[in-house]
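1. when you get a sec, could you give me coordinates for this:
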Amino acid sequence: MTNFKKILLGALLVTLSSQFYIDILISDFRVTCAVITLGLFLYINRDISPVVMGIAVAFSTYFWRVLVYFLRNGIDYSIKGAYIPEIFFYIIYGILVWRLINVTVSLNQNVFVIITIFSDFTSNIIEILIRIIYYNYTFYFDIIPSLLIVAMIRSIAVWLIIIAIKYYKMLLLKEEHEKRYRKLLWLTMILKSEMYWMDKNVDKIEEVMSDAYKLFEEIRDSKNPANWAGRSVKIASDVHEIKKDYELVIRGVRSITETPYKDNGMYFKDIMSILEEKMKNEIRFKNLDVELSFERSTDFYTDKHYQLMSIFRNLIMNALEALDSNKEPSKISLVHQRLFEEHLFKVIDNGSGIDKNDMEFIFSPGFSTKINYETGQINRGLGLSLVKDIVENDLRGRIRIEPALELGTCFSIYIPIEEIEVSV
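-> Next up is the predicted model:
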C-alpha cells in the first residue's frame, strides 16, 4: 500500500472515531477517541509524516463535522466557524509528535506515550486559547487538570493497544516459525528418502567407472576384443539405469520444492525478526560477544523472502567469521533504506576487513581467506559467490564492497523495488 493510500485510510479511521466523544465545559469543545486512533496509526506507520497526517485528519474531520451537522439540522453556514479551532488541534498535534520523535534517540512504546501525552495536552490548550481569543469563550481553569487526565488516558490507551498488538504479533510470528519448522522437518524427511537413491548409485557409479577403465585397458592392450562390444553395451546400460534413478530424484526434489510448498510471501519486518532471532541463537551457540542490530526504514511484502534470507544470512555469517576476537566491542549491523527506485541493504561489521589483494577474487566460488593453519580446515568459500549470484541473477540487483581494514567491511546491496515488492 502506498503512503498516499495509507494517509487516506488513516484519515478516514480517525474521522470515524471522532464521532465517539464527550463535551466538556466550553461550547463545541469535544474530547474524542480520534486522538487514540491517530496516535496508534502514527506509531505503527513510522514511514508516514505526522505533520502530513495531522493536516489530512484536520480537514477530513472538519468537513465530516460540518456535513453531519447539515444532515441533522439543515444548512446553517454560521456553524462552519465553530469547528475551525479543531483544525489547529490536529495540525499542532502532528507537528509536536513529529518534532519530538525526531529528537528522540530511541523510540519505543514507553517513550511514545510520553510524546503523545505532551502533544495531546498542549494541542488542547492551544485549541482552547484560539476559541477564547477569537470566539470570546469563557476560560475555566478547572479544565486544565481535566485535559491532562484526558491526555494521559488517551495516551495510555494507545500504549495498551500497542502492547497488545506487539504480543499478538509475537504469537503469530511464533506460530509462523513453528509452521515453517514443521515444514522444514517434513521436507528434510522427504529429501532423505530421495538421498537413498543417490547413495545407492554411488557404489554403482564406482562399479561402472571401474568397468569402463578395465575396458579401456583391454582396448589399449588389444586384449579380448570379442568381449568389447558386450562390455560397452553393459556399461551403457548401467549408466542408463543410473540416469533413470537420478531423474527420479530430480523429479522428486522438484515436486516438493516448487508446487506443494510454494509460499505466497512475507513481510520484510517478519524476515528481519526471524533472521535476528536465528543469528542471535548462532552467536550464543558459538559463545561470541557480538552486538547485532537491525534497522529498516519501511516495511513491504515480498515473494523473494527465501532469496533475501539467504543473502543476509550468508553475509552475517561471513561477518561473524571475520570479526576480530581481540577487538571490543564486536558489532554487526543490517541497515535497510528505501530509495527512489531501489531498496538498499547494508551489512556492516567492524571486523578485520578485506585485503585489497583479495578484492578481485572475493566472489569467486571456492575462494576463502578463512584457513585454520593448525588444523588445515578451510571454509568452502561458497557464501559470497552464492550471494552475488542471487543478487545479480535472481533479483537483478548489484552488490558493492566498501572495505576498510581498520573499520571492517560494508556490503551494500541495491535491488530494484519492482523485483522484490509485490501486492498482498
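2. what residues does the residue lying closest to W98 once chain neighbours are set aside make contact with?
-> Nearest residue to W98 in three dimensions, chain neighbours excluded: P50, at 4.1 Å (Cβ to Cβ, 6 or more residues apart in numbering). C-beta: built from backbone N, CA, C; applies to glycine. Applying Cβ atoms under 8 Å, 6 or more residues apart in numbering, we find P50 in contact with L42, Y93, G94, I95, V97, W98, I101.
3. you'd agree the second one is up against F118?
-> Read it as Y93. No. The pair Y93 and F118 fails to qualify as a contact (Cβ atoms under 8 Å) at a distance of 10.2 Å.
4. which residues are in contact with stretch 53-66?
-> The contact list for stretch 53-66 (Cβ under 8 Å, 6+ apart) reads 7-8, 10-12, 14-15, 18, 34, 38, 41-42, 79-80, 83-84, 86-95, 97.
5. if any of the residues you listed are buried, put those into a ChimeraX selection.
-> Here is the ChimeraX selection string for the buried members of the contacts of stretch 53-66, based on 16 or more other Cβ atoms under 10 Å:
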select :7,10,11,14,15,18,34,38,41,42,83,86,87,88,89,90,91,92,93,94,95,97
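6. out of the contacts of stretch 53-66, which sit inside helices?
-> 7-8, 10-12, 14-15, 34, 38, 41-42, 84, 86-95, 97 (DSSP state H).
7. state the mean pLDDT of stretch 291-298.
-> Stretch 291-298 carries an average pLDDT of 89.
8. for that stretch, buried residues please.
-> L292, F294, R296.
9. residue boundaries of the helices in the stretch 201-350 of the chain?
-> 228-257, 268-285, 305-322 (DSSP state H, counting those that start in this stretch).
10. what does the second one contact?
-> Spelled out, that is helix 268-285. Contacts of helix 268-285 (Cβ under 8 Å, 6+ apart): 173, 176-177, 290, 292, 294, 296, 299-302, 305, 308-309, 312-313, 316-317, 320, 334, 336.
11. pull the distance from that helix to the chain's centre.
-> Computed by Cα atoms, centre = their mean, to the nearest Å, the chain-centroid distance of helix 268-285 equals 11 Å.
12. tell me the mean pLDDT over that helix?
-> 86.
13. kindly report the same for stretch 97-109.
-> Here stretch 97-109 scores 85 as its mean pLDDT.
14. how far does that stretch sit from its chain's centre?
-> Taking mean C-alpha positions (Cα atoms, centre = their mean), stretch 97-109 and its chain are 21 Å apart.
15. show me what counts as buried in that stretch.
-> Neighbour count says stretch 97-109 has V97, W98, L100, I101 buried, by 16+ other Cβ under 10 Å.
16. which other residues reach it?
-> Residues contacting stretch 97-109 (Cβ under 8 Å, 6+ apart): 39, 42-43, 49-51, 54, 111, 115-116, 118-119, 159, 162-163, 166.
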